[in-house]
Every structure is written in C-alpha cells, then in structure tokens.
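Chemist: Sequence first, predicted coordinates after that:
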Amino acid sequence: MEQEQLPKNVNRIEAGEIFSFACHPGVTCFTACCRQLELALTPYDILRLKRETKLDSTAFLEQYVIQEQEAEDVFPRFYLTMVDDGQASCVFVSDKGCTVYSGRPGACRAYPMGRAAIRQDDHSIDEFFVLLKESHCHGFEEAEEQNSEKYSASQGLTLYNEFNDAVAAVLQHTKIRQGLRLGPKQIEYFVLALYDLDSFRKQLEEGSLPGSEKFDAATHKEDEQLLLFGVEWLRGELFGQ
C-alpha cells in the first residue's frame, strides 16, 4: 500500500523509525480504544481468548464472536461482540482495563501500530508497519520512545505474527488471488479448521473428516500444533495441495 492511499491519520513507519507512545492507567484516555470499535479476530486470537476464558472453541464462538460474510467476501470474517452500552464497549473491558489482558487479541497488542503482511510467491512475507493517530489517544504525549521492532516485542506480538503469517498460506493463496470462490462445504471446513479447533480435533479423532488418517493426536496435542495442521489440511481440501 502506497503512502498516498493511506488515510490522513495513518502513516507508514520505516524500520527503526522512532515514535513516542505509552499506554497505562495513568493516561487520561485509558480504555478509550476499547470502545466504539469493530475488532476483527484471527484464528490465533480466538485460540488465545478461548484459553483465557477457559471455554472450548465452540462455546467461545457462540458466546463472544460474530461471524459475517458479505457477497464479495471469499472467506467469512469474525468479530468480537461488543456490549450494548451506548459506547459499543469491548465485552472484556472494565474500568481497570482488559480482563483478558494476557490473552488479548493481536490488534489490541499492536495499537496504535498496524501491520500489513503480504505473502509472496516464494512463500516469504513482505511486511510493513503503519501508525494510527486517533484524536482520543493521548498515549503519543508520553515520553517513552518506541520503534516497530521494540514495540512489537514489548507487546508479545511475535507469536501472533507468526501464526497470522501461517494462516496467510490459506487467505492469500494463489488460487484465491486468481478468483477462486469457495462452496458451502469448503467454508464450513475453513471455519472448523481455523476457528473451531476443539470441534476440529474431535472430528479428526473420530475419523469423520477427509485426511483424518494424517492426524496424530500425540503430535498435535497442543492447540498451536493443531492450528498449523489445520492450515496444511485446508491447503489440501481447498486447493488440492
């Protein structure tokens, strides 16, 4: 994305470029960014949140997630539900801050940065960062100096980026870029393998899914391992790879 295509309050930042920012309860706008927002969730976001809330993936999706798919969307989109309090507040925000802080989504960790990641034909990831400056945010008035690398590390974004990049093998697959549209069963598989991991594991163990023979319960015991298996399984089921 070129600079001139970015909104006026969004600026691309180069590697090592310094900006001042900090967020803590002493900042006057504390938790303002947790309201009046649409918070899209990635598969790894849901993995972490369902673990933080001690719910299985199916229950978490039913209780906290809105699934949408417009006619032009290749894949469905997933959003965290907001409280109907006149401020569209995050369901997990309190006056003291985030109640699921250690499992908070990647977008919350990254704010006020944004990361664009484009998967290349050689499977490498081309990334760049932007800085979002919203009028309500006073974190930029803090003296602490940041850059994209330092801030990403401090917010624990490394794992989030790694798993999001892995999922890009499906979302940005060459066949998708060439216009492939998915049928209802393929969409069902997409949701199951990436977002409803506990149901995915159960169906694999039961042998009720194609390719179940490739699943090894011991090897894919952890959710993270299962998510990566799900990516490869989808590449086979959606794209014949």
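Modeler: Structure received. Numbers count the residues shown, from 1 in each chain.

Chemist: buried stuff in stretch 52-62?
Modeler: Neighbour counts using 16 or more other C-beta atoms under 10 Å place Glu52, Thr53, Leu55, Asp56, Ser57, Phe60, Leu61 of stretch 52-62 among the buried residues. (Each C-beta comes from the backbone N, C-alpha and C, glycine too.)

Chemist: and of these, the nearest to Ser199?
Modeler: Lowest distance from Ser199 to those (C-beta to C-beta) belongs to Ser57, with 6.5 Å.

Chemist: Let me see the contact set for the most centrally placed residue in the chain.
Modeler: Centroid check for the chain by C-alpha atoms, centre = their mean gives Thr42 as the closest residue, at 2.7 Å. Neighbouring residues of Thr42 by C-beta atoms under 8 Å, 6 or more residues apart in numbering: Pro105, Gly106, Tyr160, Phe163, Asn164, Val167.

Chemist: Was I right to think the second one contacts Asp45?
Modeler: Yes: here Gly106 reaches Asp45: they are 5.9 Å apart, a contact under C-beta atoms under 8 Å.

Chemist: for the protein, longest helix please?
Modeler: Counting residues, the longest helix found in the chain (DSSP state H) is helix 223-239.

Chemist: Name the nearest residue to Leu47, ignoring sequence neighbours.
Modeler: Excluding the flanking residues, the one nearest Leu47 by C-beta to C-beta, 6 or more residues apart in numbering is Asp223, at 5.1 Å.

Chemist: residues near that neighbour, how many?
Modeler: Residues near Asp223, counting by other C-beta atoms under 10 Å, number 21.

Chemist: For it, give its distance to Asp198.
Modeler: 8 Å (C-beta to C-beta, to the nearest Å).

Chemist: ok, of the buried residues of stretch 52-62, which one's closest to Tyr111?
Modeler: Taking C-beta to C-beta as the measure, Tyr111 lies nearest Glu52 of those, at 18.2 Å.

Chemist: That closest one against Val100, yeah?
Modeler: Yes: Glu52 lies in contact with Val100 (C-beta under 8 Å); the separation is 4.5 Å.

Chemist: what are the ranges of the strands in this protein?
Modeler: Secondary structure of the chain (DSSP state E): strands located at 10-13, 19-20, 65-68, 77-80, 82-83, 89-90, 93-94, 97-98, 113-119, 125-132, 145-146.

Chemist: Mind putting those strands into CSV with mean neighbour count, distance to Leu194 and mean pLDDT?
Modeler: Formatted as CSV, the strands of the chain follow (neighbours: other C-beta atoms under 10 Å; distance: least, C-beta to C-beta, whole Å; pLDDT from 0 to 100):
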stretch, mean neighbour count, distance to Leu194, mean pLDDT
strand 10-13, 16, 28, 95
strand 19-20, 14, 33, 97
strand 65-68, 14, 12, 97
strand 77-80, 18, 9, 98
strand 82-83, 16, 22, 95
strand 89-90, 20, 22, 96
strand 93-94, 16, 26, 94
strand 97-98, 16, 24, 95
strand 113-119, 16, 16, 92
strand 125-132, 16, 18, 94
strand 145-146, 17, 31, 98
